[in-house]
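Trainee: just the structure for this:
(2 chains)
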2 protein chains.
Amino acid sequence: MQENFNMEELMDLLLTRQFRKLKDILTEMNEVDIATFIEELDSEKTVVVFRMLPKELASDVFACLEVDKQEHIINSITDYELGTIVDDLFVDDAVDMLEELPANVVKRVLKNARPDTRKLINQFLNYPENSAGSIMTAEYVGLKQSMTVEQAFAYIRKNGVDKETIYTCYVMDAKRRLEGVVTVKDLLMNPYEEIIGNIMDTHVIKAFTTEDQEEVADSFQKYDLLSLPVVDHEERLVGIVTVDDVVDVMEQEATEDFEKMAAMLPSEKPYLKTGVFQLAKNRIAWLLILMISSMITGGILAKYEAAFAVIPLLVTFIPMLTDTGGNAGSQSSTMIIRGMAVGEIEPGDLFKVLWKELRVGIIVGAILGFVNYVRLVILYPGKEMLCLTVVLSLMVTVVIAKTIGCVLPIAAKVFHMDPAIMAAPLITTIVDAVSLIIYFQLACSLLGL
Amino acid sequence: MQENFNMEELMDLLLTRQFRKLKDILTEMNEVDIATFIEELDSEKTVVVFRMLPKELASDVFACLEVDKQEHIINSITDYELGTIVDDLFVDDAVDMLEELPANVVKRVLKNARPDTRKLINQFLNYPENSAGSIMTAEYVGLKQSMTVEQAFAYIRKNGVDKETIYTCYVMDAKRRLEGVVTVKDLLMNPYEEIIGNIMDTHVIKAFTTEDQEEVADSFQKYDLLSLPVVDHEERLVGIVTVDDVVDVMEQEATEDFEKMAAMLPSEKPYLKTGVFQLAKNRIAWLLILMISSMITGGILAKYEAAFAVIPLLVTFIPMLTDTGGNAGSQSSTMIIRGMAVGEIEPGDLFKVLWKELRVGIIVGAILGFVNYVRLVILYPGKEMLCLTVVLSLMVTVVIAKTIGCVLPIAAKVFHMDPAIMAAPLITTIVDAVSLIIYFQLACSLLGL
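Mentor: Purely as a prediction, here's the structure:
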């Protein structure tokens, strides 16, 4: 991707105080790039540059800034300037910002918003986190069945500038109940006299305000949508979700899954912006739980002290056994967790999945066992029974690990828990215990310990 | 999300041969839902239902089907029917399909396409996998600078029906070089007499055909785009990427990362559609590599046989030590790998990351060490040195694991390798070896073995 602006040039203009030229360049730039530039500036210069921007552009750039920059700007501008920005923001951007800001700043922001904006923001702030209501915006084009295409175009021309998307228009009755959807493409392809009621599509794909944002993202992906209407439980249209917000949701959900699967609590902020204590806090809980669980494994080992006191060599195979078991299990659990996250695998597929993993486990276990057997009989000639013990344990461990790895995430889903929590680290801990019991039981019976 | 159709009702109509009524319902349905319905049918009924669909809808539904269904339909319809479908498909959908089909079927498909479609498909098939060229489509609206808004609307009305998106139009010169971009919103907000050249935005965000699809996805996310023009190295417009394809790319890339991070080769198909042997093949390579590496750990253990022959109790702490080290390391590596995947962390951040992980490691290590120490002095009264050995090893292991966990993925990136490969399983194997050396070295010196 080529760079869209020259950071050094902008910095240079700013430092040499060529504000007029800087302003000309900024006015031509994309708001995202201007925000990237402002993120690099110190507090004082931030406000200088921000004030340079034309009013309309200022609120677009403001929406792209990180919360700490937003807070700094809010604290540096007048109530009047603040009011214009807040009223210009899309409601979803304003809500995103207010959820992060300290209470006193939120108070000042709301005080300076127009009453209707304030009311809307307050309503949106009340939707549950990660629901369709919390990611939607209120700026959409609403039409009536009785309008003609020509009237619709006139309406869009008059009201469309401030809407987040104008390309999908929603048709409502007098009580704001959603009746249909019509795209600008439909409007363009039909004659001016045509009535909206005749060309609208009445099979509207929609979401409820309380629905989970992950389901919203799934719908976008399944139906290739650009926007999705959100209705309340009386089917009244309250907002729309646009595809750019869904793209963010998808990334956020994937990141959360990665974090949970590596035994961390999900973090709210990007890594580089998260403090050391917050990171430690997110990580310590699962580390402690897993550490304490793996002490159980130590207890199991202690029971077999007699066995490895007689044949210390037995101990040296422990890392290979437990690691391979853990890896085999985490392969399965990852496939299942991801499959469920993207909606491919349902709990009803349990037996299909189990049967598949069993067969994969047997194939993979057999290959690993064979490689190990060849290596062991060369390294330890004459100790056939020991080799057999290790190889048999390995194969059984792999099959059991794959079984646990596929069953646990599905079980979690059935009990309405997040499957991602049943990931590699937890399964490794369980598989460790199981594989050691199998190993030493086999050792005791095969080697007569 | 509410169901958009009644699968049972459709099945019932099909089985009772009420084809007329079925056809009426299908014609009103969304193409994605029709495809979901067809996926459930056996071979014979698939063709019956597919032939029921009006021509226009048939190719939309066809594009939504899985490749095996597509292949079956291609083999069951006439050359004429095939020709209409192929010419009606968007080029990116046709290319997606042809990349999966067997050679003889591809040949028949291309033979029945119009010459210009065939040429375009062949050109697109040649773009490298996972490049912007491989995910773009050729159906976009191209305008000229000299057109008025009115002429532009007339052009869109005439040519827009078959375009994948009409809302962003690209302005080109006589040599098809990209000059600017104008949205339908811009057109709607300007008077009919306005010249496109005056209202178009000349700062076009674009991609080159050879650029990686991940970078394309990043641009969409950064700039909230609905479509992105793709140019060749002479800046000529060759296609566009639309946001619905980018949503698929994002999901595909995240899934690939999940798979790599769980020590698997990425799979091409969804889990339930992948055969047992393919799954085993994707998993065995890394399992073998990691198994063989963990034998090195066994070798290290063998060196300290004397130590645990004297104090067998030492062995029982091994699972706790290696598991906790592995978990601590995988937490760090996951954060870094994900941070790099979403473009937040760059190799240049190495020292920032390292310093952060060091401090997190010390905090987390101290807490884990403290919990362990309390537990150990209660369980093993009078064995202070043993407790100290275990606790010190644990703390050092956690700090080293976090260091390795953040350095390895960044190093991979620097050497143009995929950071996701440096994930949990590999780091666990390395940390295992390191932690055992530390543990037994400490044991030997502190316990005088």
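Trainee: go ahead and confirm residue A:137 touches residue A:90.
Mentor: Yes - using Cβ atoms under 8 Å, residue A:137 is in contact with residue A:90, at 4.9 Å. All C-beta atoms are positioned from the backbone trio N, CA, C, and that covers glycine.
Trainee: who has more neighbours, those two?
Mentor: Using other Cβ atoms under 10 Å in any protein chain shown as the criterion, residue A:137 and residue A:90 rank with residue A:137 on top: 24 against 19.
Trainee: which residues are common contacts for residue A:137 and residue A:90?
Mentor: With contacts defined as Cβ atoms under 8 Å, 6 or more residues apart in numbering or on different chains, the residues adjacent to both residue A:137 and residue A:90 are residue A:164.
Trainee: doesn't residue B:333 make contact with residue A:264?
Mentor: No - with contact defined as Cβ under 8 Å, residue A:264 does not reach residue B:333; the gap is 11.5 Å.
Trainee: more crowded one of these two?
Mentor: Using other Cβ under 10 Å, the more surrounded residue of residue A:264 and residue B:333 is residue B:333, with 30 against 24.
Trainee: per-residue pLDDT, that one?
Mentor: What the model reports for residue B:333 is a pLDDT of 94.
Trainee: mind listing what residue A:380 touches?
Mentor: So residue A:380 contacts A:313, A:386-387 (Cβ under 8 Å, 6+ apart).
Trainee: from those, pick the one nearest chain B.
Mentor: Sorting the contacts of residue A:380 by how near they are to chain B, with Cβ to the nearest Cβ, puts residue A:313 at the top with 7.3 Å.
Trainee: my guess is the closest one contacts residue A:386, does it?
Mentor: Yes - Residue A:313 is in contact with residue A:386 according to Cβ under 8 Å; the separation is 7.0 Å.
Trainee: out of these two, which sits in the busier spot?
Mentor: residue A:386 (19 against 16).
Trainee: tell me what the helix or strand that one falls within is packed against?
Mentor: Of the helices and strands defined by DSSP states H and E, residue A:386 is found in helix A:384-414. Applying 3 or more Cβ pairs under 8 Å, 6 or more residues apart in numbering or on different chains; DSSP states H and E, one finds that helix A:384-414 contacts helix A:318-341, helix A:350-379, helix A:424-446.
Trainee: closest one to residue B:245 among these?
Mentor: helix A:318-341 (20.0 Å; Cβ to Cβ).
Trainee: how about the closest one, does it reach chain B?
Mentor: Yes - interface with chain B: helix A:318-341 contributes A:318-320, A:322-324, A:326-328, A:330-331, A:333-339 (Cβ under 8 Å from any Cβ of the partner chain).
Trainee: what's the PyMOL line that selects buried ones from the residues you listed?
Mentor: In PyMOL, a selection of the buried entries from the residues of helix A:318-341 next to chain B looks like this (16 or more other Cβ atoms under 10 Å in any protein chain shown):
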select buried, chain A and resi 318+319+320+322+323+324+326+327+328+330+331+333+334+335+336+337+338+339
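Trainee: for residue A:229, what are its contacts?
Mentor: Taking Cβ under 8 Å, 6+ apart, we find residue A:229 in contact with A:140, A:170, A:178, A:181, A:204, A:206-207, A:237, A:239-240.
Trainee: kindly recompute the last result at 10 Å.
Mentor: Residue A:229 makes contacts with A:132, A:136, A:140, A:142, A:168, A:170, A:172, A:178, A:181, A:204-207, A:237-241, as judged by Cβ atoms under 10 Å, 6 or more residues apart in numbering or on different chains.
Trainee: next: residue A:208.
Mentor: For residue A:208, the contact set (Cβ under 10 Å, 6+ apart) comprises A:131-133, A:215-216, A:230-233, A:235, A:238, B:1-2.
Trainee: please tell me the pLDDT value assigned to the residue in the stretch 51-200 of chain A that chain B sits nearest to.
Mentor: Chain B sits closest to residue A:167 of the stretch 51-200 of chain A, with a gap of 5.1 Å, by Cβ to the nearest Cβ. In this model, residue A:167 is scored at 88, pLDDT.
Trainee: touching, it and residue B:183? I think so.
Mentor: Yes - counting by Cβ atoms under 10 Å, residue B:183 is a contact partner of residue A:167 at 9.0 Å.
Trainee: how about residue A:146, secondary structure?
Mentor: With DSSP: H, G, I helix; E, B strand; the rest coil as the basis, residue A:146 sits in coil.
Trainee: what residues are up against it?
Mentor: Going by Cβ under 10 Å, 6+ apart, residue A:146 touches A:171, A:195-197.
Trainee: farthest pair within those residues?
Mentor: The distance between the two most remote of those (Cβ to Cβ) is 10.8 Å, for A:171 and A:195.
Trainee: tell me, what's touching those two both at once?
Mentor: With Cβ under 10 Å, 6+ apart, residue A:171 and residue A:195 have common neighbours A:145-147, A:152.
Trainee: looking at those, which is nearest residue B:17?
Mentor: For these, the nearest to residue B:17 is residue A:145 (36.8 Å; Cβ to Cβ).
Trainee: can you give me the helices in the stretch 51-200 of chain A?
Mentor: A:55-64, A:67-76, A:79-88, A:91-100, A:103-111, A:115-125, A:132-135, A:149-159, A:184-189, A:196-199 (DSSP state H, counting those that start in this stretch).
Trainee: and the residue nearest the centre of chain A?
Mentor: In chain A, the centroid-proximal residue (Cα atoms, centre = their mean) is residue A:253; its distance is 1.5 Å.
Trainee: quick check: closest non-adjacent residue to that one.
Mentor: Nearest residue to residue A:253, sequence neighbours excluded (Cβ to Cβ, 6 or more residues apart in numbering or on different chains): residue A:214, at 5.7 Å.
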